[in-house]
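Chemist: pasting the sequence and the predicted model now:
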Amino acid sequence: MDMINKFNEELLKHKTSMKEGMEKLKTQQDVLRISYTINEKKLMDKINSSIAEVINKRIEGKESEILMKIWINEFKEIINDFEKLKKLKPKEFSVRLNEISDTIEIFKQKLLD
């Protein structure tokens, strides 16, 4: 009977130490997760700022040219959509035509600035 009690005590001690060890590991794991998340955010911020810096250096002095290319592409879309506009009812056509006219006017103003 003594051996059984001794075995139970040893088993209980072992279980207790295992639980403490597992809790310690869980705490360390949580700390690592938090650290990983923080470091991941810092890395992404650094990557984003590096990319923005490279892009800014590449387009420096070419802003107008790039803007013109964007506008040309948008005008191409407008022209392609114009064929679809012809099939609209007169009021819808007029509204869309006014939107296109407003867009062109905005482009003209920005171009003159």
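Modeler: Structure received.
Chemist: where in the chain is pLDDT low?
Modeler: Flagging of the chain using pLDDT under 70 yields the residue ranges 113.
Chemist: domain map for it?
Modeler: Per the record, the chain has its domains at 1-60, 61-113, by automatic domain parsing.
Chemist: mean neighbour count added to those domains, as JSON lines?
Modeler: Placement of C-beta: from N, CA and C, glycine included. Converted to JSON lines, those look like this (neighbours: other C-beta atoms under 10 Å):
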{"stretch": "domain 1-60", "mean neighbour count": "10"}
{"stretch": "domain 61-113", "mean neighbour count": "11"}
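Chemist: run the chain-centre distance for the helix or strand containing residue 109.
Modeler: Using DSSP states H and E, residue 109 sits in helix 90-112. Chain-centre distance of helix 90-112: 32 Å, with C-alpha atoms, centre = their mean, to the nearest Å.
Chemist: helix, strand or coil: sort out residue 88 for me.
Modeler: With DSSP: H, G, I helix; E, B strand; the rest coil as the basis, the three-state label of residue 88 is coil.
Chemist: isn't it up against residue 97?
Modeler: No - in this structure residue 88 lies outside contact range of residue 97 using C-beta atoms under 8 Å: 9.5 Å.
Chemist: for the helix holding residue 109, packing partners?
Modeler: When contacts are defined as 3 or more C-beta pairs under 8 Å, 6 or more residues apart in numbering; DSSP states H and E, helix 90-112 packs onto helix 63-85.
Chemist: what angle separates the helix it packs on from helix 90-112?
Modeler: Counting by axes from the mean of the first three to the mean of the last three C-alpha atoms, to 10 degrees, helix 63-85 lies at 170 degrees to helix 90-112.
Chemist: can I get the CA coordinates of helix 63-85 in CSV?
Modeler: Extracted as CSV, the C-alpha positions of helix 63-85 are listed here (Å, rounded to 0.1, in the frame of the first residue of the first chain):
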residue,chain,number,x,y,z
GLU,A,63,4.2,63.2,-63.0
SER,A,64,2.6,65.0,-66.0
GLU,A,65,3.6,62.2,-68.4
ILE,A,66,2.2,59.5,-66.2
LEU,A,67,-1.0,61.4,-65.5
MET,A,68,-1.5,61.9,-69.3
LYS,A,69,-1.1,58.1,-69.8
ILE,A,70,-3.7,57.5,-67.2
TRP,A,71,-6.0,60.0,-68.7
ILE,A,72,-5.5,58.5,-72.2
ASN,A,73,-6.4,55.1,-70.9
GLU,A,74,-9.5,56.5,-69.3
PHE,A,75,-10.5,58.3,-72.5
LYS,A,76,-10.1,55.0,-74.4
GLU,A,77,-12.5,53.4,-71.9
ILE,A,78,-14.9,56.3,-72.4
ILE,A,79,-14.7,55.9,-76.2
ASN,A,80,-15.3,52.1,-75.9
ASP,A,81,-18.2,52.7,-73.6
PHE,A,82,-19.6,55.3,-76.0
GLU,A,83,-20.7,52.6,-78.4
LYS,A,84,-22.7,51.1,-75.5
LEU,A,85,-24.1,54.5,-74.7
